[in-house]
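J.: coords please:
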Amino acid sequence: MTFNIDLHVLELVASRLCHDVVGPIGAINNGLEMLEDEDFGMADDALALIGKSAKQAANALQFFRLAYGMAGARVGSDLSELRGIAQNYLGHGKIELDWASVSMPDSVPDGAGKLLLNIIALAEEALVRGGTITVHPVTDTDEVRLVVTAQGVGCGLRDESREALADGVAIEDLTPRSVHGYFTRQLAQRLEGDLRVEEAGSDSIALTVVLAK
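T.: Residues are numbered from 1 along each chain as shown. Okay, here's the model as predicted:
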């Protein structure tokens, strides 16, 4: 399937990624400024801030490299590495990752791993107060279902994100906050699947993509 991304979408994705890494990078800079202040007297605290922020930035960049870059297109049925990357990415916040299964059939296209990371990032958006993301690929006779459930107080996608997942969404209406949903659905469609968002109970949603084996 042909997969074309509008230049405006690329600009929005770049804005989103920069926004997500500017926080920890800024914190590193703050820590360095503290160390330069001879009167600060709290070098240990500054070093702790730098270390924590550097790890957070590195984890985010590693996640983004596979979720958005060409490296992720080669990741398919071997999901053990992806689970670790997703765990590190989510580990700095109030979200827990529950992902027991680490494999899928070899017949699933390589881009399935990339798609799964993007679904996890979309689930993270829904958990503004924290919660649990559960990943459970399900294999049937003729298909594989990538199911990611987000559960937590106030769980839900923003209205603009839901609009970005709808058919016929106008590119010019996308924003840095909503573009990820559009991008994720485009990835699913490139693999000849589609992304469904369903209410899975109180304070819970399920994000599902069905792929042919």
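J.: Mind telling me what element the residue nearest the centre of the chain is part of?
T.: Central residue check for the chain by CA atoms, centre = their mean: the C-alpha nearest the mean position is that of residue 121, 2.0 Å away. Under the criterion of DSSP states H and E, residue 121 resides in helix 112-126.
J.: Which residue lies closest in space to residue 61, excluding its sequence neighbours?
T.: Nearest residue to residue 61, sequence neighbours excluded (CB to CB, 6 or more residues apart in numbering): residue 21, at 6.5 Å. All C-beta spots, glycine's among them, are computed from the backbone N, C-alpha and C.
J.: roughly how far apart are the one you found and residue 58?
T.: 10 Å (CB to CB, to the nearest Å).
J.: Now for these two: what residues contact both?
T.: Common neighbours of residue 21 and residue 58 (criterion: CB atoms under 8 Å, 6 or more residues apart in numbering): none identified.
J.: quick one on the thing from earlier: correct me, but the residue nearest to the centre of the chain touches residue 66?
T.: No: with contacts counted by CB atoms under 8 Å, residue 121 stays clear of residue 66, the gap being 10.9 Å.
J.: what angle sits between the helix or strand following the helix holding residue 121 and helix 112-126?
T.: Moving toward the C-terminus from helix 112-126, the next helix or strand (DSSP H and E) is strand 131-135. Orientation of strand 131-135 against helix 112-126 (axes from the mean of the first three to the mean of the last three CA atoms, to 10 degrees) gives an angle of 160 degrees.
J.: ok now strand 131-135, how far from the chain's centre?
T.: A distance of 12 Å separates the centroid of the chain from that of strand 131-135, by CA atoms, centre = their mean, to the nearest Å.
J.: after the one helix or strand residue 58 maps to, next one along is what?
T.: Using DSSP H and E, residue 58 falls within helix 43-68. Moving toward the C-terminus from helix 43-68, the next helix or strand (DSSP H and E) is helix 80-90.
J.: just checking, what packs against the helix or strand following that following helix?
T.: Next along the chain after helix 80-90, taking DSSP H and E as the criterion, comes strand 95-99. Contacts defined by 3 or more CB pairs under 8 Å, 6 or more residues apart in numbering; DSSP states H and E place strand 95-99 against helix 80-90, strand 131-135.
J.: Identify each buried residue in strand 95-99, please.
T.: 95-97, 99 (16 or more other CB atoms under 10 Å).
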